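Enquirer: Could you look at this predicted model? Sequence included:
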Amino acid sequence: MGTHNINFSEQFEFTGKVKTLSIVGIVLGAAAIAFGFLAGDKVMHERTFANLLLMAYYFACVCMSGTFFLAVQYVAQAGWSASILRVPQAMAKTLPIAAVILIVVISAGLYTHNLYHHWHADGLTDPNSPNYDSLIAGKSVFLNVPFFLGRQVVFLGVYSIFSTLFVKFSYNEDLAGGLNSYRKSFKNACIFLVIYGFTTPIFAFDTIMSLEAHWFSTMFGWYNFAAMWVSSLATIAIIIILLRRAGYMQWVNNSHLHNLGQFIFGFSIFWTYVWFAQFLLIYYANMPEETVYFYKRFEYYKFWFFLNLAMNFLAPVLLLMDRDNKRTDAKLLFVAIVVLLGHWVDYYQMIMPGAVEDGHNGFGIIEIGTAIGFVGLFTFTVLTALSKKPLIAKNHPLLQESLHHQL
């Protein structure tokens with residue numbers, strides 16, 4: 001379409017059915033969480049906390065990766081994405097909320113002993129205690145509550161600061177034009193990517209891997225990074241396709257969708273590569289202290305184990321291999337939803353065996369309700385942020401390249 005037809009002041013209106021459904025989702029989620037805490041015993045409490053951690057972590061990771069997407073585009077000086085940046089900006093703007101929720105969930109789980117009990121329990125580091133665990137005692141310099149929570153606050157705080165800066169610079173660019181804001185975004189993106197690259201593996205080690213503190217994998221950080229990145233790409237694709245169907249962002253063409261499809265395809269392969277590399281090394285070495293991680297998942301979560309591979313590997317590879325499928329919004333939307341649900345299964349696999357007593361894994365009101373609640377919360381917060389500013393960064397220096405993007 002010609003650029004003379006584009007309304008550079010187009011703004012999303014967050015009203016009607018979508019807003020109502022997002023609020024209903026939040027209410028249903030709160031009810032499911034209340035059910036888990038009020039109706040159950042200790043195992044139910046653990047399940048509820050595990051689901052809260054799963055969804056709070058997933059919420060934060062998708063928003064963090066929205067910031068990562070912005071930073072990558074600035075550092076690469078990518079032109080194709082200049083007209084869709086307001087979507088990841090809305091996700092980045094929501095990150096401070098997601099960060100606070102995650103820290104609250106982690107803190108509550110720690111202090112009620114419903115999360116991280118593998119390393120946070122009475123007597124584990126006391127040689128005179130019957131609960132003494134020499135392995136955990138050896139890790140206590142790193143895995144102790146003040147340092148652990150401090151790292152969470154610092155990591156999420158730093159990511160949130162950069163998220164706020166990227167959004168602020170883009171809005172300033174709308175008002176003032178010129179290259180000053182773009183240059184600031186570029187410099188901050190360079191700094192952010194270095195920090196993000198070094199800290200996200202540690203963030204994953206802390207938040208998820210330490211649920212089973214006796215086990216460790218140096219590949220776990222990158223495995224988590226791949227999951228959060230491809231989930232964020234799927235979320236961006238879903239929001240853009242649904243906005244187009246609602247009559248917004250008509251400047252987005254099939255080539256933009258093609259790019260997003262390529263990223264989802266490529267990083268789904270990367271996720272599979274890291275997942276399989278971690279599995280193969282542990283299988284090959286056959287060391288009991290390492291195989292225990294997969295033994296639990298085979299023994300108690302076999303269905304989820306194979307569903308994880310089918311949704312996160314087979315679906316994107318088979319359905320996005322074809323060029324036309326990446327350019328067709330219905331097919332890309334379907335795959336993006338499958339991938340987003342697939343990484344819920346992925347995180348479920350990572351968290352439940354370490355957070356809930358063996359053999360007490362369940363799937364029901366708590367899992368479905370908590371997931372619906374966080375989907376409602378994500379929809380409400382991100383779309384509220386998206387509705388505050390025009391849907392296109394009209395003074396982005398590479399905007400014309402994006403508006404004429406063709407593959």
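Expert: Arrived safely, thanks for sending.
Enquirer: show me what contacts residue 319?
Expert: Counting by C-beta atoms under 8 Å, 6 or more residues apart in numbering, residue 319 makes contact with 325, 331, 334, 335, 338. (C-beta placed from N, C-alpha, C; glycine too.)
Enquirer: for residue 326, same thing?
Expert: With C-beta under 8 Å, 6+ apart, residue 326 has these contacts: 257, 258, 260, 261, 262, 265, 320, 332.
Enquirer: and the helix or strand hosting residue 306, what's its mean pLDDT?
Expert: Assigned by DSSP states H and E, residue 306 belongs to helix 302-309. Throughout helix 302-309, pLDDT has a mean value of 92.
Enquirer: Likewise for stretch 51-68?
Expert: On average, stretch 51-68 scores 96.
Enquirer: Just the CA atoms of that stretch, as PDB, please.
Expert: Output in PDB follows, covering the C-alpha atoms of stretch 51-68 (Å, rounded to 0.1, in the frame of the first residue of the first chain):
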ATOM      1  CA  ASN A  51       1.400 -22.700  38.900                       C
ATOM      2  CA  LEU A  52       1.800 -19.100  40.100                       C
ATOM      3  CA  LEU A  53       5.600 -19.400  39.600                       C
ATOM      4  CA  LEU A  54       5.000 -20.900  36.100                       C
ATOM      5  CA  MET A  55       2.700 -18.100  34.900                       C
ATOM      6  CA  ALA A  56       4.500 -15.300  36.600                       C
ATOM      7  CA  TYR A  57       7.800 -16.400  35.100                       C
ATOM      8  CA  TYR A  58       6.200 -16.900  31.700                       C
ATOM      9  CA  PHE A  59       4.600 -13.500  31.900                       C
ATOM     10  CA  ALA A  60       7.900 -11.800  32.800                       C
ATOM     11  CA  CYS A  61       9.900 -13.800  30.200                       C
ATOM     12  CA  VAL A  62       7.600 -12.800  27.300                       C
ATOM     13  CA  CYS A  63       7.800  -9.100  28.400                       C
ATOM     14  CA  MET A  64      11.600  -9.300  28.900                       C
ATOM     15  CA  SER A  65      11.900 -10.800  25.400                       C
ATOM     16  CA  GLY A  66       9.800  -7.900  24.000                       C
ATOM     17  CA  THR A  67      12.600  -5.600  25.300                       C
ATOM     18  CA  PHE A  68      15.200  -8.000  23.800                       C
END
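Enquirer: Buried residues, the helix or strand hosting residue 164. List them.
Expert: Using DSSP H and E, the element containing residue 164 is helix 145-176. Neighbour counts over helix 145-176 (16 or more other C-beta atoms under 10 Å) mark 148, 151-152, 155-156, 159-160, 162-163, 165-167, 169-174 as buried.
Enquirer: before we move on, what about stretch 178-190?
Expert: 181, 182, 184, 185, 188, 189.
Enquirer: hmm, back to that, from the contacts of residue 319, which has minimum pLDDT?
Expert: Ranking the contacts of residue 319 by pLDDT, residue 325 lands last with 91.
Enquirer: Heading C-terminal from the strand or helix carrying that one, find the next helix or strand.
Expert: Here residue 325 sits within helix 323-327, counting by DSSP H and E. Using DSSP H and E, the next helix or strand after helix 323-327 towards the C-terminus is helix 329-355.
Enquirer: what angle separates that following helix from helix 302-309?
Expert: 140 degrees (axes from the mean of the first three to the mean of the last three C-alpha atoms, to 10 degrees).
Enquirer: which strands and helices sit next to helix 329-355?
Expert: Judged by 3 or more C-beta pairs under 8 Å, 6 or more residues apart in numbering; DSSP states H and E, the packing partners of helix 329-355 are helix 42-76, helix 220-245, helix 254-285, helix 288-300, helix 302-309, helix 315-320, helix 323-327.
Enquirer: what about the ones you listed, which gets the closest to residue 211?
Expert: When those are compared by C-beta to C-beta, helix 42-76 sits nearest residue 211, at 8.2 Å.
Enquirer: that older thread, for the helices and strands packed on helix 329-355, give me CSV that also has distance to residue 381.
Expert: Below are the helices and strands packed on helix 329-355 laid out as CSV (distance: least, C-beta to C-beta, whole Å):
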stretch, distance to residue 381
helix 42-76, 9
helix 220-245, 13
helix 254-285, 22
helix 288-300, 32
helix 302-309, 27
helix 315-320, 27
helix 323-327, 29
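Enquirer: List just the one of the ones you listed that sits closest to residue 207.
Expert: With C-beta to C-beta, the closest approach to residue 207 among the helices and strands packed on helix 329-355 belongs to helix 42-76: 5.8 Å.
Enquirer: which strands and helices sit next to that closest one?
Expert: helix 16-38, helix 86-111, helix 145-176, helix 180-207, helix 220-245, helix 329-355, helix 365-386.
Enquirer: just so I know, which of those helices lies nearest residue 62?
Expert: Across the helices and strands packed on helix 42-76, closest to residue 62 is helix 220-245 (C-beta to C-beta), at 4.9 Å.
Enquirer: Put the alpha carbons of the helix holding residue 325 into CSV.
Expert: Extracted in CSV, the C-alpha atoms of helix 323-327 (Å, rounded to 0.1, in the frame of the first residue of the first chain):
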residue,chain,number,x,y,z
ARG,A,323,7.2,-20.3,2.4
ASP,A,324,3.6,-19.6,1.8
ASN,A,325,2.5,-20.7,5.3
LYS,A,326,4.8,-18.1,6.8
ARG,A,327,3.0,-15.5,4.7
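Enquirer: Work out the gap between it and the centre of the chain.
Expert: With C-alpha atoms, centre = their mean, to the nearest Å as the basis, helix 323-327 stands 25 Å off its chain's centre.
Enquirer: Same question for stretch 295-302.
Expert: On C-alpha atoms, centre = their mean, the centre of stretch 295-302 falls 24 Å from that of its chain.
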